[in-house]
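Trainee: Following is a predicted model, sequence given first.
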Amino acid sequence: QVQLVESGGGLVQAGGSLRLSCAASGRTFTSYAMGWFRQAPGKDREFVVSVSGSGGRTYYADAVKGRFTISRDNAKNTVVLQMNSLKIEDTAVYYCAADYRPGNSICSVYGCYDYWGQGTQVTVSS
């Protein structure tokens with residue numbers, strides 16, 4: 001079992017930055033690829049970014065490439081999403097997710113992920 005707790009959401013003006021954190025429980029954190037998804041009102045949950053268990057491989061959705069950066073600290077069981085140059089369309093609830101995937105592969109598909117956090121709201125205003 002893995003428990004995930006997100007933090008760091010909030011309200012920011014367009015062009016600003018926010019930093020989301022995800023704290024994971026469990027002793028096999030490096031066996032999990034970690035991802036961030038988001039869901040805006042009335043829309044499906046969509047993939048944002050993922051990172052492999054070692055941290056050596058990442059994959060970004062085109063919508064956030066060049067603006068968002070994912071990193072993980074395996075010693076602290078945490079994953080961080082640094083979001084820069086935020087746009088109004090980035091407004092959503094952001095979810096941290098864990099995918100049991102030993103090795104260096106990653107997955108961008110919702111169904112790959114076994115555990116989910118409760119979500120944190122990010123609101124970008126004009």
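Mentor: Yes, it's here. Numbers count the residues shown, from 1 in each chain.
Trainee: what about the most centrally placed residue in the chain, distance to V48?
Mentor: The structure's the chain has its C-alpha centroid closest to W36; by Cα atoms, centre = their mean the separation is 2.3 Å. Distance, W36 to V48, using Cβ to Cβ, to the nearest Å: 4 Å. Bear in mind the C-beta positions are built from the backbone N, C-alpha and C, glycine included.
Trainee: got any residues that touch both of these two?
Mentor: Residues touching both W36 and V48 (Cβ atoms under 8 Å, 6 or more residues apart in numbering): 81, 94.
Trainee: so what's the residue nearest to the centre of the chain scoring on pLDDT?
Mentor: For W36, the model assigns a pLDDT of 98.
Trainee: try V109
Mentor: Here, the pLDDT recorded for V109 equals 95.
Trainee: Near it, how many residues? Count them for me, please.
Mentor: Using other Cβ atoms under 10 Å, V109 is surrounded by 10 other residues.
Trainee: show me what contacts D114?
Mentor: 2, 98-100.
Trainee: Of those residues, just the buried ones, PyMOL syntax please.
Mentor: Selection of buried members from those for PyMOL, criterion 16 or more other Cβ atoms under 10 Å:
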select buried, resi 2+98+99
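Trainee: Identify the farthest-apart pair in the contacts of D114.
Mentor: V2 and D99 (10.0 Å; Cβ to Cβ).
Trainee: Please enumerate the shared neighbours of the two.
Mentor: Listed as contacting both V2 and D99 by Cβ under 8 Å, 6+ apart are 32, 114.
Trainee: so which strand or helix has the closest residue in space to D90 that isn't next to it in sequence?
Mentor: Spatial nearest neighbour of D90, excluding adjacent residues (Cβ to Cβ, 6 or more residues apart in numbering): V124 at 5.2 Å. In this structure, V124 sits in strand 120-125 according to DSSP states H and E.
Trainee: Pull out the buried positions in that strand.
Mentor: So, applying 16+ other Cβ under 10 Å, buried residues of strand 120-125: 120, 122, 124.
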